[in-house]
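In: A predicted structure for the sequence below; I have some questions about it.
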Amino acid sequence: MLEIKNLNVHFGVIHALKGISLTVNKGEIVTLIGANGAGKTTTLRTISGLKKPTDGSIILEGKDITNTSAQERVMMGISQAPEGRRVFSAMTVLENLELGAYLRRDKNEIARDLETVYHHFPILADRRKQIAGTLSGGEQQMLAIGRALMSRPRILLLDEPSMGLAPLFVQEIFNIIRDINKAGTTILLVEQNASMALQIANRAYVMETGSIVLSGTGSELMQSEDIKKAYLGG
Amino acid sequence: MERLLQQIINGISLGSIYALIALGYTMVYGIIKLINFAHSDIYMLGAFIGYFSMTTLKLGFIPSLLLSMVFCTIIGVVIEKVAYKPLRHATRIAVLITAIGVSLFLEYTTMAIAGANVRSYPPLTGILTKSFMLGNINISMLQILILGITIILMILLQFIVKKTRIGKAMRAVSLDSDAAELMGINVNTTISFTFALGSALAGAAGIMVGIYYNSINPLMGMLPGIKAFIAAVFGGIGIIPGAMIGGYFIGIVEVLVSGYSNSLYRDGVVFAILILVLIIKPTGLLGKNSREKV
Ligand SMILES: Nc1ncnc2c1ncn2[C@@H]1O[C@H](COP(=O)(O)OP(=O)(O)OP(=O)(O)O)[C@@H](O)[C@H]1O
Ligand SMILES: [Mg+2]
C-alpha cells in the first residue's frame, strides 16, 4: 500500500532522515518506534507532504507521490492525526470533524462517516457543540483521530496517540485503533509506548537518529533483547 | 446631550471607515501574522478608483463602489502573490519590511500617475445631498448610506467566514496552518482569499471616505491606516468582531475629542488608547489570554 524508499530529509544542515525505507501493506498495523528526536514525526510529516524530502521516494499503491501536494495526498487517501493533537481549538467538535471531510462532496457518505466516528468515540457525539480547546487531553486525541478518519483514509498515520494520557485512556485508545484497523483502515502508528504498540502491530520498525536500525514482526521485536533493554524497560 | 448625540452620529460614519479598514488588518494578521502596511494604500487606491469611476467614467456611486472593490481585490491578491508569498518561510521582520516597501511603492506610483495634488470628489447629487432632523440632531442621507453599506458588508463577511467552505478554511488556517494542510486545505489559496476579502473592504472604505470628506490624495492612507490598525489592536488583533467594535470605538472617540476639545488632540488621544491597550490588555478587548493545551 505505502512504500518509502531511501527517504532523506534535511532541516538546513540537520540531516533528520538518513535514507530510510519502509513498507506498509494493505490491512496492516505497522508501528514506528524510537527515542525522542529519532525522526518519527519527520517521517510522518514527509509522508503527508508537509515537508519535502531532499532525496528518495514515497509510493502509494504503486504510484510515485513524492512530488504531489499535501492536498492531493489527502485526496489519494493519506490522513494523519498529528503529534500533539492539533485540533482547531476555537472551533466546535463538529466543525473539527467537518473539516476532516473538507475535500469531500458526498454529503450522505460524510454523514455516515460522522456516525462511524461517533460510534468509535461516543464522547464526541455528546460534545459535538463544545469548543475543541476546552476538551480534555484524551478527548482532544479522540477528536484528532476522528477528524483524520473523516477524510475516509486508506492509510491512517497516527503520531503518538498515547502521549500524555492516563494508562486507562491509553488502553482505550489502543483498543479503538485496533477497531479502526479491523474496519478496514491500514495504519502506520508512531509511538513512544513501545510495549503497547508492539502488541497491536503486525510489524514494527525501530528508528535511531534518522535511520531504521531494526525491523520485524511485533512479537519478534518484543522478544528482542535490544528492544527490551532500550524501550520496554528491561 | 444633543451635541453629544450629534457627535456620536458623526463618529459612526468615521467609525465605519475605520472598521472596514481594520477588518483587513485583522484578517491578514490572523492568517499569516503579518501587519500588512500596504493595506492603508489599498484603501487609498479604492478612493482613487472611485474618483476616476465617478468623474472620468461618469458612473454612479454604487457601480463605482463595486468597481473600487473589484480593483482593490485584484491589487490585494497580486501584492500577496508577488511580494509576500515568496517570503512565506522568511523571518517576520523581512516580511514586515517588504510590506513597508510595497506601501511606499503604491503611494509613489499613484503619485507618478495621478499627481501629488489633492483632488475633490464630484459633488453629490439627488437624494444623497439631503439630510433630516431627528429632534435637534442632523442626520444626512450620506451618513445613512455609509452605515448601511458597512452593515451589509459586515453581514456578508460574517456569512462568508462562518458558513462557507472557504470561510471555514480561513478560520482553520488562522488557527493552525499545518493542521489545516493535513485536512487537505490549500493554504495558499486560503491566504489569497483572505487578502481579497480585506482589500475589497478597504476599497469600499476608500470610496466612502471620498464622498464623505471630499478630498483625496496619494498619501491619504497613512493616518487612517494607523488608526484602523489601532482599532484592530483595540478589539483584539486577529478577531473579526473585535475589528468592527474597535473601528467604531476609535471613530467615535476621535470625533468626540475634536468636538469637545481641541481637534489637534484627536490623533494624540488615539495613540494614547493604543498605549493603554498595550499596557492593560495587549490581547485587546475580545482577545483571550488563553494558552493552547499541549
Ligand atoms: N522544523 C524543524 N527545524 C529544525 N530541525 C527539526 C525540525 N523538526 C524536526 N527537527 C529535527 O529533526 C530531528 C527529528 O525530529 P522528529 O520530531 O522527527 O523526532 P521524533 O522522533 O518525532 O521525536 P519525538 O519522539 O520527541 O516526537 C530532531 O533532531 C529535530 O530536532
Ligand atoms: Mg515526534
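Out: Cool, got the structure. Ligands and ions are numbered 1, 2, ... in the order given.

In: mind listing the helices for chain A?
Out: A:40-48, A:70-75, A:93-100, A:107-120, A:122-126, A:137-149, A:167-182, A:194-200, A:218-223, A:225-231 (DSSP state H).

In: neighbours around the nearest residue to A:K40 once chain neighbours are set aside, how many?
Out: In space, and not counting its chain neighbours, A:K40 is closest to A:V190: 4.4 Å by CB to CB, 6 or more residues apart in numbering or on different chains. All C-beta atoms are positioned from the backbone trio N, CA, C, and that covers glycine. By other CB atoms under 10 Å in any protein chain shown, the residues close to A:V190 number 24.

In: who's A:V190 bridged to?
Out: Beta bridges link A:V190 to A:L32, A:D159 when assigned by DSSP bridges.

In: CA atoms only: put the worst-scoring helix or strand of chain A on mean pLDDT into CSV for me.
Out: Here the helix or strand of chain A ranked lowest by mean pLDDT, DSSP states H and E is helix A:225-231, holding a mean of 71. Provided in CSV are the C-alpha atoms of helix A:225-231 (Å, rounded to 0.1, in the frame of the first residue of the first chain):
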residue,chain,number,x,y,z
GLU,A,225,16.9,-8.3,23.9
ASP,A,226,18.0,-4.9,22.5
ILE,A,227,14.4,-3.7,22.3
LYS,A,228,13.6,-5.0,25.8
LYS,A,229,16.6,-3.0,27.1
ALA,A,230,16.1,0.1,25.2
TYR,A,231,12.3,0.5,25.1
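
In: Figure out how far it is from the centre of its chain.
Out: Here the centre of helix A:225-231 is set off from its chain's centre by 23 Å, with CA atoms, centre = their mean, to the nearest Å.

In: dump the residue contacts of whatever residue of the stretch 101-250 of chain B ends up closest to ligand 1.
Out: Residue nearest to ligand 1 within the stretch 101-250 of chain B: B:D178 (10.5 Å; CB to the nearest ligand atom). B:D178 sits next to A:L50, A:P82, A:R86 when contact means CB atoms under 8 Å, 6 or more residues apart in numbering or on different chains.

In: Report the separation between it and A:E83.
Out: 10 Å (CB to CB, to the nearest Å).

In: what's the overlap in contacts for these two?
Out: In contact with both B:D178 and A:E83: no residue, using CB under 8 Å, 6+ apart.

In: Let me know the closest of the contacts of B:D178 to ligand 2.
Out: Distance to ligand 2, by CB to the ion, is smallest for A:P82 among these, at 9.2 Å.

In: Can you report how many residues neighbour that closest one?
Out: Applying other CB under 10 Å, we find 22 residues neighbouring A:P82.

In: Spatially, which residue comes closest to it, not counting chain neighbours?
Out: A:D159 (5.4 Å).

In: re earlier: in a markdown table, list the contacts of B:D178 along with pLDDT.
Out: Listed next are these as a markdown table, based on pLDDT from 0 to 100:
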| residue | pLDDT |
| --- | --- |
| A:L50 | 95 |
| A:P82 | 96 |
| A:R86 | 96 |
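
In: Name all residues that make contact with B:I211.
Out: B:G50, B:F61, B:Y121, B:L124, B:L128, B:L142.

In: got the contact list for residue 160?
Out: The chain I'm using is chain A. A:K40, A:E83, A:V190, A:E191, A:Q192.

In: actually it's chain B I care about, not the one you picked
Out: With CB under 8 Å, 6+ apart, B:I160 has these contacts: B:I166, B:G167, B:L197.

In: Keeping just the C-alphas, turn the helix or strand bottoming out on mean pLDDT in chain B into PDB.
Out: Every helix and strand of chain B was ranked by mean pLDDT, DSSP H and E. The lowest is strand B:131-134, at a mean of 87. Written as PDB, here are the backbone C-alpha positions of strand B:131-134 (Å, rounded to 0.1, in the frame of the first residue of the first chain):
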ATOM      1  CA  SER B 131     -30.400  65.400   5.400                       C
ATOM      2  CA  PHE B 132     -33.100  65.300   8.000                       C
ATOM      3  CA  MET B 133     -33.600  66.300  11.600                       C
ATOM      4  CA  LEU B 134     -34.300  63.800  14.400                       C
END
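
In: Which strands or helices does it pack on?
Out: strand B:137-140, helix B:141-163 (3 or more CB pairs under 8 Å, 6 or more residues apart in numbering or on different chains; DSSP states H and E).

In: one step back: of all the helices of chain A, which one is nearest B:F105?
Out: For the helices of chain A, proximity to B:F105 was assessed by CB to CB; helix A:70-75 is nearest, at 32.4 Å.

In: for that closest one, the distance to its chain's centre please.
Out: With CA atoms, centre = their mean as the basis, helix A:70-75 stands 15 Å off its chain's centre.

In: Determine how far the last residue of stretch B:77-88 lies from the first.
Out: 15 Å (CA to CA, to the nearest Å).

In: since we're on the nearest residue to B:G284 once chain neighbours are set aside, how many residues are nearby?
Out: Ranked by CB to CB, 6+ apart and with sequence neighbours excluded, the top spatial neighbour of B:G284 is B:G236, at 3.0 Å. Look at B:G236: counted by other CB under 10 Å, it has 23 neighbours.

In: Spit out the contact partners of B:G236.
Out: B:G242, B:G246, B:T283, B:G284, B:L285, B:L286, B:G287.

In: Of those residues, which belong to helices?
Out: B:G242, B:G246.

In: Neighbour-wise, give me the winner out of the contacts of B:G236.
Out: That'd be B:G246 among these, by other CB under 10 Å, with 34 neighbours.

In: Next one: the residue of the stretch 1-150 of chain B found nearest ligand 1 relative to ligand 2, how far apart?
Out: Closest approach between the stretch 1-150 of chain B and ligand 1, counting by CB to the nearest ligand atom: B:H89, at 10.3 Å. Distance, B:H89 to ligand 2, by CB to the ion, to the nearest Å: 21 Å.

In: ok, that residue to B:I32 distance?
Out: The gap separating B:H89 from B:I32 is 11 Å, by CB to CB.

In: Which one of these two is surrounded by more residues?
Out: Counted by other CB under 10 Å, B:H89 and B:I32 do not tie: B:I32 has more neighbours, with 22 against 5.
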